[in-house]
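# need a structure here:
(one chain, ligands or ions: 2)
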Amino acid sequence: MFVVNDMPEPIDDRIVSELSTVCVSTLGHMRDHGFALGLVPNRRPVRFVGTAVTVRIPHLDSTAVHLAVDMLRPGDVLVVDQSGDHQRSCFGGLVSFTAKARGAVGAVLDGSINDHDETLAYDFPVFSRGFSPLTTRIAGVEGAINVPVTVAGAVVNPGDVVFADSDGVAFLRPADAVGLGAQLAAKENAEIPARESIANGGSIAEFSGAAAYRP
Ligand SMILES: O=C([O-])CC(=O)C(=O)O
Ligand SMILES: [Mg+2]
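Ligands and ions are numbered 1, 2, ... in the order given. Next comes the predicted model:
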C-alpha cells in the first residue's frame, strides 16, 4: 500500500537564516535527543537548514522515493527511513539530480548512496551510512510519504526543521527552533574571550566550570 500525504508547511525563513550561522554540535552541548547518529555527509564542509519531507520505504523498493523527489520544493530536505536496511542505496545520480533541480537543499538517508562519481558534479549534500553498489528497485510494493519516520535513532515528522552541518544532523520541531539560533550563537560567542584568555595562559577548565571538580 502507498500513502502520499500533503506536503508540510515550509519552515519559517527566519529559522533558516538564524540556524545557518551556528553549529549543530553547539546544540549537542545542550540536549541529547533528535540527532541522526552514525550518518556521514558525501562531502565536507557541508551546511543546510530546511523543511523535512519524509519517506518510508521497505528495504528493496524505492518507488516512494521517486514519487517524493518529484514533489520536492525549494528549501526542502528529503528524509528517508529504509526500514532498517542500511546497506542498500535508494539515492544515486538521477535522484540527486532531480532533488537539486527541484531546489531541495539536501537529503538525509538511513541507508546508503550510490553513483559517487556522477554526483560529485551535482554538489548536492546527502547524509547517509556511506556508499554502496547494492541499490533498490521500483517494485511497487509499498511506501509512505510525509508520515512520521525514524532515521538513525531520531524520530522525524514531516515539516520538522533539518539542521545539518559537517558534524551531523539534528531534527527539531519548528516550535522548538524559534529563538534557538540566538541561544546557540550566544553560547558560541562566549568562547571568543575564552580563546583570548587561553592563548595568554588561561584555563579551559576555569572557563567551562570543570575546575570546580579538580581534586
Ligand atoms: O534510482 C535509484 O534508485 C538510485 C540511482 O541509481 C540513481 O538515483 O541514479
Ligand atoms: Mg543511478
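
# OK, now which residue of the protein is nearest to ligand 1?
Nearest to ligand 1 in the chain, going by CB to the nearest ligand atom, is Gly92, at a distance of 2.6 Å. For glycine as for every other residue, the C-beta is placed from the backbone atoms N, C-alpha and C.

# hang on, isn't that residue packed against Thr135?
Yes - with contact defined as CB atoms under 8 Å, Gly92 reaches Thr135; the gap is 6.8 Å.

# Identify the contacts common to those two.
Asn114 (CB atoms under 8 Å, 6 or more residues apart in numbering).

# Looking at the two now, which is surrounded by more residues?
Neighbours were tallied for Gly92 and for Thr135 using other CB atoms under 10 Å; the higher tally belongs to Gly92 (22 against 16).

# what sits against that one?
113-115, 118-119, 135.

# Go again with 6 Å.
114-115 (CB atoms under 6 Å, 6 or more residues apart in numbering).

# Domain boundaries for the chain, per the record?
What automatic domain parsing lists as the domains of the chain is 2-176, 179-215.

# want to throw those into CSV with mean pLDDT?
Formatted as CSV, the domains of the chain follow (pLDDT from 0 to 100):
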stretch, mean pLDDT
domain 2-176, 97
domain 179-215, 96
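
# Does the lengthiest strand in the chain reach ligand 1?
Counting by DSSP state E, the longest strand found in the chain is strand 47-56. No - under the criterion of CB under 6 Å from any ligand atom, ligand 1 is not reached by strand 47-56; the shortest gap measures 12.0 Å.

# Around ligand 1, pick out the residues from this structure.
Counting by CB under 6 Å from any ligand atom, the residues of the chain near ligand 1 are 62, 90-95, 114-115, 135-136.

# Ligand 2 next: which of those residues are close?
92-93, 115 (CB under 5 Å from the ion).

# Give me the secondary structure label for the residue nearest the centre of the chain.
For the chain, Val169 is the residue whose C-alpha lies nearest the centre (CA atoms, centre = their mean; 4.0 Å). The three-state assignment at Val169 reads strand, by DSSP: H, G, I helix; E, B strand; the rest coil.

# and the closest residue to it other than its chain neighbours, how many neighbours does it have?
Spatially, and ignoring its direct neighbours in sequence, Val169 is nearest to Ala36 (4.2 Å; CB to CB, 6 or more residues apart in numbering). By other CB under 10 Å, the residues close to Ala36 number 24.
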